[in-house]
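In: Task: produce atomic coordinates for the following.
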Amino acid sequence: MDVSESALYERAADCYLAAGMPAEAARCLRAAGAYRRSAELWGELGLWSEAVTDFRSGQLVHQAAWTLVHELGDPREARRLIRMVRPGELEAHEARSAMVDDDYYPFAPDRFTVRDRLVLARCDAAEGTGPDSLPPVLRAAANHLQDRRQVFDRLVEDWAVTLAEQHRRYDQVALIYAASLRGRRRNAATRWRDWASRVLHAELTLPPVEPDRVRPVSGPVLDGARGRR
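Out: Numbers count the residues shown, from 1 in each chain. Presented below is the predicted three-dimensional model:
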């Protein structure tokens, strides 16, 4: 598509948004190739199948997979998407899943991103399995978030919190937000306080963070790869 044509579609989308016509705006963004924006807009409208279509068009595989399992209840298709980007490894995970315990996770850590593992943990939850595999996945997410060498991935934080909350592991939610706070992730304290107010109906008072005392969360650091948005 010509750049000027794409820009025109995006301007049209802005006009539709200003006029209170978000579905038309999403269609214009799709036509412009602005798939992330269009998918997010479809999601705001609750049109999750449309969101998955645009995430996939934009090669935003993890967002598509998460939406499939979390919003549409389709863990099988979500796993298939991860299988497409990690051929061969998912089968190995499924064959060895019975070996999981708090200090072991059957993925080869250099072949799976934190996003991969969060999506697959959400699939496990949707299928009624996987509580034993949750702590090491959340530890990997926490280690990723507190490592200031890593670019902040807000989806890692959001998905990890969602998983912990679904399992009523509020201690693990605290682990995730504390890791973001140690990693100096912008507005982490505000998100933590907002979560505590919404879920626990409590006001949270946080101590200051000492920058020279950041330590890995107990357990092995299992993910060294960065996810991409």
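In: From here on, just use CA atoms for contacts and neighbour counts.
Out: Noted.
In: got any ranges where this structure has weak pLDDT?
Out: Applying pLDDT under 70 to the chain flags residues 1-3, 86-111, 130, 209-229.
In: Give me the most central residue, it.
Out: In the chain, the centroid-proximal residue (C-alpha atoms, centre = their mean) is Leu155; its distance is 3.4 Å.
In: mind checking which helix or strand that residue is in?
Out: Assigned by DSSP states H and E, Leu155 falls within helix 154-166.
In: Can you check what angle separates the helix or strand just after that helix from helix 154-166?
Out: For helix 154-166, the following helix or strand on the C-terminal side (DSSP H and E) is helix 170-182. In terms of direction (axes from the mean of the first three to the mean of the last three C-alpha atoms, to 10 degrees), helix 170-182 departs from helix 154-166 by 160 degrees.
In: So which residues lie in contact with helix 170-182, not counting its own?
Out: Contact with helix 170-182 is made by 135, 138, 141-143, 145-146, 157, 160-161, 164-165, 188-189, 191-192, 209-211, 214, as judged by C-alpha atoms under 8 Å, 6 or more residues apart in numbering.
In: immediately after that helix, which helix or strand?
Out: Moving toward the C-terminus from helix 170-182, the next helix or strand (DSSP H and E) is helix 188-195.
In: Buried residues, that following helix. List them.
Out: Ala188, Ala189, Trp192, Arg193, Asp194, Trp195 (16 or more other C-alpha atoms under 10 Å).
In: Could you do stretch 170-190 as well?
Out: Buried, per 16+ other C-alpha under 10 Å, within stretch 170-190: 170, 172-185, 188-189.
In: List only those of the contacts of helix 170-182 flagged as buried.
Out: The neighbour-count criterion (16+ other C-alpha under 10 Å) marks 135, 138, 141-143, 145-146, 157, 160-161, 164, 188-189, 192 among those as buried.
In: quick one: the helices in the protein?
Out: For the chain, the helices defined by DSSP state H occupy 3-18, 22-32, 35-44, 48-57, 61-70, 75-85, 89-96, 114-126, 134-146, 154-166, 170-182, 188-195.
In: Which strands or helices does the first one pack on?
Out: For helix 3-18, the packing partners by 3 or more C-alpha pairs under 8 Å, 6 or more residues apart in numbering; DSSP states H and E come out as helix 22-32.
In: okay, now the domains of the chain?
Out: Taking automatic domain parsing as the domain assignment, the ranges for the chain are 1-59, 61-229.
In: Identify the residues contacting His70.
Out: Counting by C-alpha under 8 Å, 6+ apart, His70 touches Arg122, Ala126.
In: Same question for Leu72.
Out: Leu72 neighbours (C-alpha under 8 Å, 6+ apart): Trp48, Ser49.
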